[in-house]
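K.L.:
Mind looking at a prediction? Sequence and model below.
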Amino acid sequence: MKHRNGGDLVIETLTALGARTVFGIPGQHALGLFDALSRAELTYVSSRVENNAAFAADGYARAVGQVGVLFLSTGPGALTSLAGLQEAYATGVPMVVVASQIPLSGLGARRKGMLHQLDDQKASAQNVTKAQFSVHHASGIPSAIQDAWAAAVTVPQGPVWVEVPQDVLLGAVMVPPVVDALAVPYDHPPRAELVQESVRWLAASRRTAIVAGGGVRRSTHHAQQHLLAVAELLDAPVVCTPGGNSAFPWDHPLSLGSWVEDRHVTDLLEDAEVLLVVGSSLGEVTSNYFTLVPRGRLIQVDAEPRVLESNFPTLGVRADAGQALSALADALAGVKASDWHGRTAAEAVAEVNARVAARLDAQDLGRERRFMADLRAAVPGRMQTYWDMTIAAYWGWNCWDAQSGQFHSAQGAGGLGYAFPAAIGGALGLGERTLAVAGDGSAMYSIAELASAVQHSADVTWLIVDDGGYGILREYMEGAFGRATATELHRPDFVSLARSFGVPAEEVSVDQVGPALSRTLAQKGPAVVVVKTLLRMWEPSHLG
């Protein structure tokens, strides 16, 4: 048998589990891992900052529906990834993170003065990962990786941390090559008595409304198909959360889109005799900033037990969204006619949608609405889009119809810099062009990944909306205090900067953003479009 080390065991196990792409940055303690990567068939994507590598693995996993794999070095490298892992953890994105550790002799919080030494590196990851594993001998590597993979794909999905000391990665092994690895997720079907009780409530309700959250999108049990069936059986209006965007067709007569931040939608949800919440905690944004006060009864379905009854008393059903919706669809009788105070559900939905449009019509938001409409017209219906924490994304949460593509944003944890590296991961995984939307402030968090995009020929269009600072924070501060402090930023010439990396770039006026985006579709590799404009938010409806 040829010489192999612990790094080979990591690579072999990941390959046997179905991994095809790895993201990360090498480091001194992880060299054995990256040396083994040179003998593998895995595709390696080199980022420039560990946090961005985590975002890229996240974007890959969301786009292709597979586990994202991230390699990290010890100490500063591992710690720099944590904000990216927080987003994956909050949003339920399956990832396996393999981090190196200092040699075995340095473990145990003894201050030996080793490079990158931490008292407890794994503890730093506990807040942002589902589970953490430490491996102290080579023969334990395959089992740890396999267990981590199973945990990552079990709903609620999320990132899982595995750390391996430097000398274990470098040491020769006698364990035979891994050719067979199996990671089966735990199943979470709903309990029969909870389905029966839910059906009793739903059968007696004249007005049922549904909130579809990110758990519907993440389910591997055809949740969107079952959601449509349940909505039609109950004649129930459906609103999607920002994380659930695209879980329900926007052109359906029962669709309220994703306007969860509008009081007219909130009023309808409050008026329901039964509110069926699937894959959502009814958290800050979805509850219109905790102003939602349901008058009826709530049924809440979620695979994460900590979500159930976290904000409201509910009939909590711990289950995968798809399995629960399938069970409800099978148990519910034929289509029932609802009564929304003398209106059908479709009529009530149409009225609410008209009121939302009228409220926006009454505000000076022509530039913003045209901007979003121009984006939607230019972007192909199947394209996957990634949105940073910027005003355009806040609009996107509520009014972006993902059509046959998918809408991805950083609203799980709310960190800056997500869109561009995540879109790189998505583009490389799909082999198709993706769109990243960022502000000038958030763009600076990931500007170094222009080098990664060029190196890997990623077909990504990066739209940077330059308003001279942290636009949403400026607006918040002006509204709260009458003036903004520390929100204005010195920026580079984004076009020249992109071109210095060899990336085609242009600056266009706000009314030319559609044609500019369309031009990038005919290109190969990354492209940058800069629009200097000030977008505003709509007037909040939760402040009375």
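P.N.:
The structure has been received and is ready for your questions.
K.L.:
Can you list the buried residues in the helix or strand Gly425 falls within?
P.N.:
Applying DSSP states H and E as the criterion places Gly425 in helix 419-430. Judged by neighbour count using 16 or more other C-beta atoms under 10 Å, the buried positions of helix 419-430 are 419-430. Every residue, glycine included, has its C-beta placed from N, CA and C.
K.L.:
Distance to Val465 and pLDDT added to these, as TSV?
P.N.:
Listed next are the buried residues of helix 419-430 as TSV, based on distance: C-beta to C-beta, whole Å; pLDDT from 0 to 100:
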residue	distance to Val465	pLDDT
Ala419	11	98
Phe420	13	98
Pro421	18	98
Ala422	17	98
Ala423	15	98
Ile424	19	98
Gly425	22	98
Gly426	20	98
Ala427	20	98
Leu428	24	98
Gly429	25	98
Leu430	24	98
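K.L.:
residues near Ala30, how many?
P.N.:
Ala30 is flanked by 26 other residues according to other C-beta atoms under 10 Å.
K.L.:
Show the model's pLDDT score for it.
P.N.:
Per-residue confidence (pLDDT) for Ala30: 93.
K.L.:
ok, now Glu163?
P.N.:
97.
K.L.:
Name the strands paired with the strand or helix carrying it and say parallel or antiparallel.
P.N.:
Using DSSP H and E, Glu163 falls within strand 159-165. Pairing partners of strand 159-165, with direction, according to DSSP bridges: strand 95-101 (parallel), strand 131-134 (parallel).
K.L.:
Among those strands, show me which one is buried the most.
P.N.:
Of all the strands paired with strand 159-165, strand 95-101 carries the top mean neighbour count, a mean of 29, counting by mean count of other C-beta atoms under 10 Å.
K.L.:
and the next helix or strand after that one, average pLDDT?
P.N.:
For strand 95-101, the following helix or strand on the C-terminal side (DSSP H and E) is helix 121-125. In this model, helix 121-125 has a mean pLDDT of 94.
K.L.:
Now do the buried residues in helix 121-125.
P.N.:
Result for helix 121-125 [16+ other C-beta under 10 Å]: buried residues 121-122, 124-125.
K.L.:
again with stretch 31-38
P.N.:
For stretch 31-38, the buried set under the neighbour-count rule, 16+ other C-beta under 10 Å, comprises 31-37.
K.L.:
quick check, nearest of these to Glu197?
P.N.:
Taking C-beta to C-beta as the measure, Glu197 lies nearest Leu33 of the buried residues of stretch 31-38, at 50.0 Å.
K.L.:
Grab the nearest non-local neighbour of that closest one.
P.N.:
Excluding the flanking residues, the one nearest Leu33 by C-beta to C-beta, 6 or more residues apart in numbering is Gly7, at 4.3 Å.
K.L.:
and the direction of the one helix or strand that neighbour maps to versus that of strand 95-101, what angle?
P.N.:
For Gly7, the host element (DSSP H and E) is helix 6-17. Going by axes from the mean of the first three to the mean of the last three C-alpha atoms, to 10 degrees, helix 6-17 is angled at 170 degrees with respect to strand 95-101.
K.L.:
tell me the average confidence for helix 6-17?
P.N.:
97.
K.L.:
CA atoms of it as PDB?
P.N.:
Coordinates of each C-alpha in helix 6-17 appear next as PDB, following Å, rounded to 0.1, in the frame of the first residue of the first chain:
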ATOM      1  CA  GLY A   6      -4.700  11.200   7.900                       C
ATOM      2  CA  GLY A   7      -5.500  13.800   5.300                       C
ATOM      3  CA  ASP A   8      -6.100  11.000   2.800                       C
ATOM      4  CA  LEU A   9      -8.600   9.500   5.100                       C
ATOM      5  CA  VAL A  10     -10.500  12.800   5.200                       C
ATOM      6  CA  ILE A  11     -10.500  13.100   1.400                       C
ATOM      7  CA  GLU A  12     -11.400   9.500   0.800                       C
ATOM      8  CA  THR A  13     -14.300   9.600   3.300                       C
ATOM      9  CA  LEU A  14     -15.700  12.900   1.800                       C
ATOM     10  CA  THR A  15     -15.400  11.500  -1.700                       C
ATOM     11  CA  ALA A  16     -17.200   8.200  -0.700                       C
ATOM     12  CA  LEU A  17     -20.000  10.300   0.800                       C
END
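K.L.:
Give me the helices and strands touching it, please.
P.N.:
If you count contacts as 3 or more C-beta pairs under 8 Å, 6 or more residues apart in numbering; DSSP states H and E, helix 6-17 packs onto helix 31-37, strand 95-101, helix 141-153, helix 166-170.
K.L.:
what inclination does it have with respect to helix 141-153?
P.N.:
Using the same axes, to 10 degrees: helix 6-17 against helix 141-153 is 40 degrees.
K.L.:
Next SSE downstream of helix 6-17?
P.N.:
Beyond helix 6-17 toward the C-terminal end (DSSP H and E), the next one is strand 21-24.
K.L.:
coming back round to it: what's the closest of the buried residues of stretch 31-38 to Asp302?
P.N.:
Closest to Asp302, out of all of those and judged by C-beta to C-beta, is Leu33, at 35.5 Å.
K.L.:
Do I have it right that that closest one meets Gln101?
P.N.:
No - contact criterion C-beta atoms under 8 Å: Leu33 and Gln101 do not qualify, at 11.1 Å.
K.L.:
Now the common contact residues for these two.
P.N.:
Taking C-beta atoms under 8 Å, 6 or more residues apart in numbering as the criterion, Leu33 and Gln101 both touch Val164.
K.L.:
residue ranges for the strands of the stretch 251-400 of the chain, please.
P.N.:
In the stretch 251-400 of the chain, the segments counted as strands under DSSP state E, counting those that start in this stretch are 274-278, 297-302, 315-318, 385-387.
K.L.:
can you put the ones you listed in CSV and add distance to Gln411 and mean pLDDT?
P.N.:
What follows is those, written out as CSV (distance: least, C-beta to C-beta, whole Å; pLDDT from 0 to 100):
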stretch, distance to Gln411, mean pLDDT
strand 274-278, 17, 98
strand 297-302, 17, 98
strand 315-318, 24, 97
strand 385-387, 8, 98
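K.L.:
could I get those as TSV with mean neighbour count and distance to Val64?
P.N.:
As requested, those are exported to TSV (neighbours: other C-beta atoms under 10 Å; distance: least, C-beta to C-beta, whole Å):
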stretch	mean neighbour count	distance to Val64
strand 274-278	28	24
strand 297-302	24	24
strand 315-318	20	28
strand 385-387	28	14
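K.L.:
would you turn those into JSON lines with distance to Arg191?
P.N.:
Below are the strands of the stretch 251-400 of the chain laid out as JSON lines (distance: least, C-beta to C-beta, whole Å):
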{"stretch": "strand 274-278", "distance to Arg191": "16"}
{"stretch": "strand 297-302", "distance to Arg191": "12"}
{"stretch": "strand 315-318", "distance to Arg191": "8"}
{"stretch": "strand 385-387", "distance to Arg191": "37"}
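K.L.:
Could you point out which of those strands sits nearest Pro190?
P.N.:
strand 315-318 (5.2 Å).
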